[in-house]
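Quick check, what structure comes out for this input:
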Amino acid sequence: MDIQKLILQLPWTELPPRYTCDGGDISPPLRIEGLLGEVHSLAVMVYHPHETGCCSFCAWIIWNVPPLGFIREGIPPGNEVTSPIQGSQGRNDYGKIGYSGPCPSAGTSHRVNYKIYGLDTHLSLPGGSNQHALIQAMRGHVLQFGETFAMYTR
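I've put the predicted structure just below:
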């Protein structure tokens, strides 16, 4: 099966502080273009690829998001969310459920990678699961994929 491209966009390339540890760890708005009609749900994974001590640090996972062209900012913590969108969230590498923004040391920068998957089903994965469980659950169900990134400097 060929995986089709999705376009994932943020409104900026430098994250405003409100979407980081300096501003409340608010999940940012995401714009999605090119969704196929066969997509039943979306999954989002956010990584800090150069977090000190490792190579790829998971900062947020959410799945079973309705296949709409926009994910609103401010998804609250919790295994299952209903507002401002519906979805299931997992445990990130900070040990928290929900979004955790970048928090680099003073004078340094972090790149934050945002990945989105268009799936042919809703996943029967319980909220609170980790990224490895999400990746396993998505196997064979990915119809589309897109990614983008942003930077944050303290």
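
Could you look up the SS state of H132?
Of the three states, H132 takes helix according to DSSP: H, G, I helix; E, B strand; the rest coil.

residues contacting G24?
R18 (Cβ atoms under 8 Å, 6 or more residues apart in numbering). Every C-beta, even on glycine, is put in place using the N, C-alpha and C of the backbone.

One more: Y114?
Per Cβ under 8 Å, 6+ apart, neighbours of Y114: 8, 10, 30, 44-46, 147-150.

do the same with H141
119-121, 123.

re the thing from before, by neighbour count, which of the contacts of Y114 wins?
Using other Cβ atoms under 10 Å as the neighbour criterion, V46 leads the contacts of Y114 with 25 neighbours.

Isn't it up against N113?
Yes: the pair V46 / N113 is scored as a contact, 7.0 Å apart, by Cβ atoms under 8 Å.

Distance-wise, check G118 relative to G90.
18 Å (Cβ to Cβ, to the nearest Å).

Spell out the secondary structure type for I135.
helix.

Give the burial count for it, as a bare number.
Neighbours of I135 (other Cβ under 10 Å): 13.

Tell me where this protein has strands.
Assigned by DSSP state E, the chain shows strands spanning 4-5, 7-9, 30-33, 41-48, 57-65, 70-71, 80-81, 87-89, 109-119, 142-153.

and of those strands, who's closest to P17?
Set against P17 and scored by Cβ to Cβ, the strands of the chain come closest in strand 142-153, at 8.1 Å.

Just list what the closest one packs against, helices and strands only.
The contact analysis (3 or more Cβ pairs under 8 Å, 6 or more residues apart in numbering; DSSP states H and E) places strand 142-153 against strand 4-5, strand 7-9, strand 109-119.

out of these, deepest packed?
Mean neighbour counts were compared across the helices and strands packed on strand 142-153 using mean count of other Cβ atoms under 10 Å; the top stretch is strand 109-119, at a mean of 20.

in its sheet, what does that one sit against?
Partners of strand 109-119 in the sheet, by DSSP bridges, are strand 41-48 (antiparallel), strand 142-153 (antiparallel).
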